[in-house]
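# Mind folding the following:
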Amino acid sequence: MEYILSTLTFTGISLIGVLGVYLVTGLTGLFSFGQAAFLAIGAYVSAVLVKTFALSLPLAAVVAMLTGLLAGLMVGIPTVRLRRDYISLVTFGFGEAIIATLNNSTNITGGATGLSGVPQFTNFWAVLITVIICLAIVISYKHSKYGRQCLALRSDELAAKAMGIHVERLKLITFLIASVMTSFAGVLYVFYTSYVEPGAFGWVVSAEWTIIVFVGGINSLTGAVAASILLTGLPEMLRFASEWRIVIYCVIVLLIINFRPTGIFGENELSLRRIKQFMKKGAKAA
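Residues are numbered from 1 along each chain as shown. The predicted structure follows:
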């Protein structure tokens, strides 16, 4: 039971990061390969404040999110005017710069050996409540005026500008929301593992989150959640296969991408209305 709860906890933390990528990539159409850097910022800032400066956890979490917001502003303001491919390069460089800074700040972060002895405050229920809150925020944002503008921006940036949408501001707002959410996921992560090291936040993590969004369906929040649960929990489920589990994982991803290019859910969302319609069709067929 403890093993299952641990797997679900890590899946929930990863899901928060995926929701951030869904906002940036799924809604706005931007590619950020530095989202995992915000996970690192949230983890390290909160861990250092609690462990070294004896700050309370709630205050440390707030400071970590504000630091993530500031970092998002520093990266977002100069990049929102760039083309989408340049944004991916800038965010990739930002992520690598954060990792290099953590590796070289030995006196504060422990360098490449990491930071250990962090008190464990996070549990499964804290992560579950956070996931529900983040889901509510993303759903509200998607169905708001800003969410509809994001979809217009993703389809055609030039047309969105012609319709009077402030494209740069919209990109920045979306990017900042994703940055703060991912920073808080870092807080949950470090106070669950009690240990953190820079290697856990490389660009590969950001790439995995992007793959999850595409596998689930680029404009489907339901797909992002389902794919996150499937692809994050799958390596743990395949642990019995030892070294072959990563190979099996990659083959499954490739099959989905090749035979279902629009993702598992495409642009569809799971709702009570759709479930009722499906049940009615099933009842008629029976």
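
# Every contact and neighbour count from this point should use C-alpha atoms.
Will do.

# Tell me how far L30 lies from V190.
28 Å (CA to CA, to the nearest Å).

# Look at the two and report which has more neighbours.
Comparing L30 with V190 by other CA atoms under 10 Å, the one with more neighbours is V190, at 26 against 23.

# where along the stretch 1-150 of the chain do the helices fall?
Ranges of helices within the stretch 1-150 of the chain are 2-21, 35-51, 57-79, 84-104, 106-109, 124-142, 145-155, based on DSSP state H, counting those that start in this stretch.

# Please identify the most buried of those helices.
Most buried of these, by mean neighbour count (mean count of other CA atoms under 10 Å): helix 35-51, with a mean of 27.

# Report the mean confidence score over that one.
Mean pLDDT, taken over the full extent of helix 35-51, equals 94.

# Check stretch 185-205 too.
92.

# mind listing what's buried in that stretch?
Residues 185-199, 201-203, 205 are the ones in stretch 185-205 that count as buried (16 or more other CA atoms under 10 Å).

# so of these, which ones are in strands?
Y195, V196 (DSSP state E).

# State which helix of the chain is the longest.
Longest helix in the chain by number of residues (criterion: DSSP state H): helix 167-193.

# The helix or strand N258 falls within packs against which elements?
Assigned by DSSP states H and E, N258 falls within helix 245-259. If contacts are counted by 3 or more CA pairs under 8 Å, 6 or more residues apart in numbering; DSSP states H and E, helix 245-259 sits against helix 203-216, helix 221-237.

# pull the CA atoms of that helix into CSV?
Only the C-alpha atoms of helix 245-259 are listed here, as CSV (Å, rounded to 0.1, in the frame of the first residue of the first chain):
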residue,chain,number,x,y,z
ARG,A,245,10.8,-1.3,-18.9
ILE,A,246,12.2,1.9,-20.5
VAL,A,247,12.2,0.2,-23.9
ILE,A,248,8.6,-0.9,-23.5
TYR,A,249,7.7,2.6,-22.4
CYS,A,250,9.2,4.1,-25.5
VAL,A,251,7.6,1.6,-27.8
ILE,A,252,4.2,2.4,-26.3
VAL,A,253,4.8,6.1,-26.9
LEU,A,254,5.9,5.6,-30.5
LEU,A,255,2.8,3.4,-31.2
ILE,A,256,0.5,6.1,-29.9
ILE,A,257,2.2,8.9,-31.9
ASN,A,258,2.2,6.8,-35.1
PHE,A,259,-1.3,5.4,-35.0
